[in-house]
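A.B. asks: Output the structure for:
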Amino acid sequence: MSHAKSTHPSTAPLAIGIDIGGTKVAGGIVDGDGAVVHRARRDTPERSKSPKVVEDTIVSVVEELLAQDADVTAIGIGAAGFVDADRATVVFAPHLSWRNEPLRDALSRRIGLPIFVDNDANAAIWGESRFGAGVGESHLVMVNLGTGIGGGIVLDGKVVRGRHGIAGEFGHMQLVPDGIRCECGNRGCWEQYASGNALVREARALMDNHSPMVTPLFAEICGGHDVLTGPVITEAAQAGDLLARELLAEIGRWLGIGIADLAAALDPGVFIIGGGVSAAGDLLLEPARETFRRHLTGRGYRPEARIVAAALGNEAGLIGAADLARHDANP
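C.D. replies: Numbers count the residues shown, from 1 in each chain. Sure thing, here's the model as predicted:
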């Protein structure tokens, strides 16, 4: 690899963060203050999500970044899936063809820098705890509302990964016995009631049944069944549509119930809500806060955790992965 000499003024070690999703690999060089100073991105080919194709894509992103600044000390990778506690192996990635994939070793053979692999939600909560909505709080839980629900835990200033590296899969807590069937095979999982998929499912059911609740504004903004998405429902809610606001409030209420259960188990000081659905802001968070207070164990006799929106947006995972790698490579 041909590397350009760094002109970055910071004396803190630089690190690369890589965020691997189902359709893209995004990367950035991150300084010690959490600022992304260079960025690179590649789409993963639709025709193949094989380990070799994704590995090649990661290497291409890293090479582009190192050409911008060679003074990088480590690389952190956040992957959407189960990552073993050894932070080297992707045990299972639902959107990629990774099954017990030795990702760290495969990349180490091609990139001459220390590499650390982590779950993308662990990386995101670490980024928020260090540089975002969780700064100053040592006990945090992050709940990411996207297609499903993912999450991460920081307790006493440390990422909690669990014995097998799979902690934080909050979306598959069973909230409703014998409830809606989940893709995981169980019924009544939290993400079937408080996620982007749940939001769209409820809206589509009303539209398909020609419900009188479907207002002209909702129909105009959201279009037909096939183009209905979470972001357009949020857009309708922000434009004042009553149905869209009611749908988001219902998601928020289910969110608050699940968060109350997490508070009983983990007792954090703050819950950070991220993911695409969190773009609805207080239209989602206020119903969540109200329901959380009503369901909180020992309510009225204990401090309440704050519920806040994530601050770093789509780059939380990238920033967190880089920072985790920097600290592990430079203890």
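A.B. asks: Asn144 and Gly275 touch, don't they?
C.D. replies: Yes. Counting by CB atoms under 8 Å, Asn144 touches Gly275, with 3.9 Å between them. All C-beta atoms are positioned from the backbone trio N, CA, C, and that covers glycine.
A.B. asks: what sits in contact with each of those two?
C.D. replies: Each of Gly150 lies in contact with both Asn144 and Gly275 under the rule CB atoms under 8 Å, 6 or more residues apart in numbering.
A.B. asks: more neighbours, those two?
C.D. replies: Shown here are Asn144 and Gly275; by other CB atoms under 10 Å, Asn144 has more neighbours (27 against 24).
A.B. asks: give me the number of residues near Glu286?
C.D. replies: Using other CB under 10 Å, Glu286 has 15 neighbouring residues.
A.B. asks: And the residue with the largest distance to the centre of the chain, how far from Ala280?
C.D. replies: Farthest-out residue of the chain from its mean C-alpha position, per CA atoms, centre = their mean: Pro212, at 35.3 Å. Pro212 sits 24 Å away from Ala280, going by CB to CB, to the nearest Å.
A.B. asks: do the same with Gly230
C.D. replies: Taking CB to CB, one finds Gly230 at 9 Å from Ala280.
A.B. asks: Also Met213?
C.D. replies: According to CB to CB, Met213 stands 19 Å off from Ala280.
A.B. asks: okay, those two: which has more neighbours?
C.D. replies: Ala280 (27 against 12).
A.B. asks: Wait, the more buried one touches Leu247, no?
C.D. replies: No. Counting by CB under 8 Å, Ala280 does not reach Leu247; the two are 9.9 Å apart.
A.B. asks: Quick check: neighbours shared by those two?
C.D. replies: What both Ala280 and Leu247 touch, as defined by CB under 8 Å, 6+ apart, is the set Ala237.
A.B. asks: ok, Glu128 - contacts?
C.D. replies: Counting by CB under 8 Å, 6+ apart, Glu128 makes contact with Gly134, Leu140, Met142, Ile272, Gly274, Ala310, Ala311, Leu312, Ala316, Gly320.
A.B. asks: let's see it at 6 Å
C.D. replies: By CB atoms under 6 Å, 6 or more residues apart in numbering, the residues touching Glu128 are Gly134, Ile272, Ala310, Leu312, Ala316.
A.B. asks: most surrounded residue in these?
C.D. replies: Most surrounded of the contacts of Glu128: other CB under 10 Å gives Ala316, at 33 neighbours.
A.B. asks: Which helix or strand contains it?
C.D. replies: helix 316-329 (DSSP states H and E).
A.B. asks: for that helix, which positions count as buried?
C.D. replies: Neighbour-count burial for helix 316-329 flags 316-327, 329 (criterion: 16 or more other CB atoms under 10 Å).
A.B. asks: hang on, the earlier thing: which one of the contacts of Glu128 sits closest to Gly188?
C.D. replies: Closest approach between those and Gly188, by CB to CB: Ile272, at 24.8 Å.
A.B. asks: Quick check: bridge partners of the closest one?
C.D. replies: Beta bridges link Ile272 to Met142, Val308 when assigned by DSSP bridges.
A.B. asks: Look up how far Ala133 lies from it.
C.D. replies: 5 Å.
A.B. asks: just for the stretch 101-250 of the chain, where's the confidence low?
C.D. replies: Across the stretch 101-250 of the chain, nothing is flagged by pLDDT under 70.
A.B. asks: Which parts of it are helices?
C.D. replies: 103-108, 120-131, 196-208, 216-222, 230-238, 242-266 (DSSP state H, counting those that start in this stretch).
A.B. asks: Nearest to Lys24, out of those helices?
C.D. replies: Nearest of these to Lys24, taken as CB to CB: helix 120-131 at 12.2 Å.
A.B. asks: now the residue nearest to Val143 when sequence neighbours are not counted: how far from Ile166?
C.D. replies: Take Val143 and drop its neighbours on the chain: the residue closest to it by CB to CB, 6 or more residues apart in numbering is Gly151, 5.0 Å away. According to CB to CB, Gly151 and Ile166 sit 11 Å apart.
A.B. asks: Show me which of the two is the more surrounded one.
C.D. replies: Gly151 (27 against 16).
A.B. asks: I'd like the distance from the more buried one to Gly269, if you could.
C.D. replies: Taking CB to CB, one finds Gly151 at 16 Å from Gly269.
A.B. asks: swap in Thr44?
C.D. replies: Thr44 sits 37 Å away from Gly269, taking CB to CB as the criterion.
A.B. asks: And these two? Which one has more around it.
C.D. replies: Thr44 (21 against 15).
A.B. asks: give the contact list for the more buried one.
C.D. replies: Thr44 touches Val54, Thr57, counting by CB under 6 Å, 6+ apart.
A.B. asks: again, only using 8 Å
C.D. replies: Applying CB under 8 Å, 6+ apart, we find Thr44 in contact with Gly22, Thr23, Lys24, Val25, Val53, Val54, Thr57, Leu96.
A.B. asks: Look up phi and psi at it.
C.D. replies: With angles defined as degrees, to the nearest 10, Thr44 sits at phi -90, psi 130.
A.B. asks: what about the residue lying closest to Leu296 once chain neighbours are set aside, neighbour count?
C.D. replies: Nearest non-adjacent residue to Leu296, counting by CB to CB, 6+ apart: Ala260, 4.9 Å away. Residues near Ala260, counting by other CB under 10 Å, number 19.
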